[in-house]
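**Q** Sequence first, predicted coordinates after that:
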Amino acid sequence: MALPNNDRIDQYTAVGSETQFAYTFPVNAAADIVVKRNVSGTITTLTLTTDYTVTNVGNASGGQVALTSSSYPSGATAGHKFTIYGNQIVTRAGSSDFSVGGDFFASTINSQLDDLTQISQDVRRDVNLSVKKDPAILDTFDPLLPALTDRRALIVNEVSSGNYSLVMSTKDPDTQEALAAAQVALATTQATNAATSATASATSATASASSATLAASQVDAVALPYNFDTSTSMADPGSGDFRLNNSSVSSISNIALDALTAASVDLSDYITKWDDSDSTVKGYLTIVQEDTPANFTIFQVGSVTDNTGWLSIALTYVTSGGALFGSGKKCRLQWGRAGDKGQTGNAGSDGKTVLNGSGVPSSGLGADGDFYIDTANNNLYGPKASGAWGSATSLVGPQGSQGIQGNTGSSGSQGIQGIQGPQGLQGNVGATGPQGDATLADVIALG
């Protein structure tokens, strides 16, 4: 058979009502074709005979995949995408072996070469569609996947110079990093807008300076300015400074900050409100290094303690980026309050009931969805639907087979002796015996 030089794959976007799609490559059996449907990114593999049939099996130019009327009574839906591709079954029966000294038919050789060619075309197509390294890249890449973790990203890691492998990220890419970046961008935009507004609206040096001062104050109100003190001791860090209780960012659980910001503004009354929410998580605190926004940390806010002149806040680590801040680095602290707990929801509707009684249940008994046990006949009815109980299901299983005969029991102990019975009645006088002859002894006895 002359085989076409293609990747044994055809794709179509339905315009609506199509009942068949052409495939342009030969197959040896209907099961050698795979049909998939893509609906808005959801891909479904169709089932042979149930969803479609295949015509012209064995034809070099292909044939048609016909959708069944049971699965597609109105044909294909417009916009649905159908992919048809070959998936030659890789097998070789012993009956296909050539016999020693037997016939060597060209048709048999051609048939097996056709199978091998179609398998090679399927492999070539799948390889072309897979992720692979360009041969022009001289670096070594190991594509072996690491142990998989839910909601983590695969990262290309340089093991050594020119040698790369895949590793699993340690953080969910959809967590607070995006929020931190947005907050940093917002603070930067606000500062830029304020400065632009100050420049644009300046009518004099005095007005420009006043506007710039106001803009700086607005930024300071949104993101509090503090300088980082590397000491981990939870005590007053000094005017305009703040400390963290651990040098390992993921182990930080407390922050100490002076009542005065780096702008010499006392915001202690404002900071003490940070734990006012009645939710378990009071809010979130984002700390960003001003000259390097890539260095940031995000924490959940717990209780706030006012120590008169400085404050301490319980923290729970959420995420971070870059490196921990250096000594004296100016940072911005931005707080976001968590909402209060919501109101308790309405009580749910009553659940369904299992009723019981002797005999068949009446139609007026119970509500739709209920069950009923007939205790007299060991039958189960339900669930009740449209006011009817339906047929009964027996709760009694089939009789089991007879068990094997048990071993013979041991002999019992001997019973106690019975009581003596009463004396019997005197018997009748016996008949007189015949007269005997007297002896000398008898005479002596008489005398």
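**A** Cool, got the structure. In this text, all values refer to a predicted model and were calculated from it rather than measured experimentally. Numbers count the residues shown, from 1 in each chain.
**Q** ranges for the strands of the stretch 251-400 of the chain?
**A** Under the criterion DSSP state E, counting those that start in this stretch, strands of the stretch 251-400 of the chain are mapped to 254-258, 283-289, 292-306, 310-321, 330-337, 354-357, 371-374, 379-381, 393-394.
**Q** quick one: which of these is nearest residue 166?
**A** With respect to residue 166, and counting by C-beta to C-beta, the nearest of the strands of the stretch 251-400 of the chain is strand 310-321 at 21.8 Å. All C-beta atoms are positioned from the backbone trio N, CA, C, and that covers glycine.
**Q** okay, the angle between that closest one and strand 254-258?
**A** Interaxial angle of strand 310-321 relative to strand 254-258 (axes from the mean of the first three to the mean of the last three C-alpha atoms, to 10 degrees): 130 degrees.
**Q** For strand 310-321, which helices and strands make contact with it?
**A** helix 176-201, strand 254-258, helix 268-271, strand 283-289, strand 292-306 (3 or more C-beta pairs under 8 Å, 6 or more residues apart in numbering; DSSP states H and E).
**Q** Would you quantify the distance from the spatially most central residue of the chain to residue 405?
**A** Residue closest to the average C-alpha location in the chain (C-alpha atoms, centre = their mean): residue 150, at 7.9 Å. For residue 150, the distance to residue 405 (C-beta to C-beta, to the nearest Å) stands at 59 Å.
**Q** what does residue 149 give?
**A** 61 Å.
**Q** now swap in residue 359 and tell me
**A** From residue 359 to residue 405 the distance is 40 Å (C-beta to C-beta).
**Q** Could you do residue 222 as well?
**A** 91 Å.
**Q** quick one, which of the two is more surrounded?
**A** Counted by other C-beta atoms under 10 Å, residue 222 and residue 405 do not tie: residue 222 has more neighbours, with 15 against 6.
**Q** What residues are bridge-paired with the nearest residue to residue 242 once chain neighbours are set aside?
**A** Leaving aside its chain neighbours, residue 242 sits nearest to residue 257 (3.8 Å; criterion: C-beta to C-beta, 6 or more residues apart in numbering). As for beta bridges, residue 257 partners with residue 242, residue 311 under DSSP bridges.
**Q** I'd like the numbering to begin with 841 instead of 1 from here.
**A** From this message on, residue numbering opens at 841, which makes the last subject residue 1097.
**Q** Tell me the predicted confidence for residue 1097.
**A** For residue 1097, the model assigns a pLDDT of 94.
**Q** show me what contacts it?
**A** Residue 1097 sits next to 1066, 1077, 1081-1083, 1111, 1150-1151, 1153, 1173 when contact means C-beta atoms under 8 Å, 6 or more residues apart in numbering.
**Q** I'd like to know which of those are buried.
**A** 1066, 1077, 1081-1083, 1111, 1150-1151, 1153, 1173 (16 or more other C-beta atoms under 10 Å).
**Q** Of the residues you listed, which is the nearest to residue 1136?
**A** Nearest member of these to residue 1136, counting by C-beta to C-beta, is residue 1173, at 10.9 Å.
**Q** Kindly state the beta-bridge partners for that closest one.
**A** residue 1064, residue 1127.
**Q** these two touch, right, it and residue 1124?
**A** No - counting by C-beta atoms under 8 Å, residue 1173 does not reach residue 1124; the two are 11.3 Å apart.
**Q** Okay, domains of the chain per the record?
**A** 841-970, 972-1014, 1019-1177, 1191-1234 (automatic domain parsing).
**Q** Mind jotting down where the strands sit in the stretch 891-1040 of the chain?
**A** Assigned by DSSP E, counting those that start in this stretch, the stretch 891-1040 of the chain shows strands spanning 892-894, 903-907, 921-926, 980-982, 994-1000, 1003-1008.
**Q** can you list the residues that contact the fourth one?
**A** Applying C-beta under 8 Å, 6+ apart, the contact partners of strand 980-982 are 973, 996, 999, 1002-1006.
**Q** With the first one instead?
**A** Applying C-beta under 8 Å, 6+ apart, the set of residues contacting strand 892-894 from outside is 863, 867, 870, 873, 875, 886, 888, 903-908, 911.
**Q** Which ChimeraX command selects the buried ones in these?
**A** In ChimeraX syntax, the buried subset of the contacts of strand 892-894 is picked out as below (16+ other C-beta under 10 Å):
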select :863,867,873,875,886,888,903,904,905,907,908
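**Q** Return the member of the contacts of strand 892-894 nearest to residue 1266.
**A** Closest to residue 1266, out of all of the contacts of strand 892-894 and judged by C-beta to C-beta, is residue 888, at 109.4 Å.
**Q** Just list the residues touching that closest one, thanks.
**A** So residue 888 contacts 870-871, 873, 875, 894 (C-beta under 8 Å, 6+ apart).
**Q** Among those, which ones are in strands?
**A** Counting by DSSP state E, the contacts of residue 888 place 873, 875, 894 in strands.
**Q** Quick check: closest non-adjacent residue to the last one.
**A** Translated: residue 894. Nearest one to residue 894, counting by C-beta to C-beta, 6+ apart, is residue 870 at 3.9 Å.
**Q** pretty sure that neighbour is touching residue 897, no?
**A** Yes - judged on C-beta under 8 Å, residue 870 makes contact with residue 897 at a distance of 5.7 Å.
**Q** thinking again about what came up before, wait, what's in contact with the residue nearest to residue 894?
**A** So residue 870 contacts 888, 893-894, 897 (C-beta under 8 Å, 6+ apart).
**Q** State the distance from it to residue 849.
**A** 17 Å.
**Q** Kindly report the same for residue 997.
**A** 34 Å.
**Q** before we move on, what about residue 1114?
**A** 59 Å.
**Q** likewise residue 873?
**A** Residue 873 is 11 Å from residue 849, by C-beta to C-beta.
**Q** anything in contact with each of those two?
**A** With C-beta under 8 Å, 6+ apart, residue 873 and residue 849 have common neighbours 924-926.
**Q** Include distance to residue 1145, neighbour count and pLDDT when you put those into TSV, please.
**A** Listed next are the shared contacts of residue 873 and residue 849 as TSV, based on distance: C-beta to C-beta, whole Å; neighbours: other C-beta atoms under 10 Å; pLDDT from 0 to 100:
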residue	distance to residue 1145	neighbour count	pLDDT
924	69	24	96
925	66	19	95
926	71	23	90
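**Q** okay, the residue nearest to residue 1117 when sequence neighbours are not counted: pLDDT?
**A** The shortest distance from residue 1117 to any non-neighbouring residue, by C-beta to C-beta, 6+ apart, is to residue 1178 (4.8 Å). You'll see residue 1178 listed with a pLDDT of 77.
**Q** cool, and residue 957?
**A** Residue 957 is given a pLDDT of 75.
**Q** same thing with residue 1034?
**A** 69.
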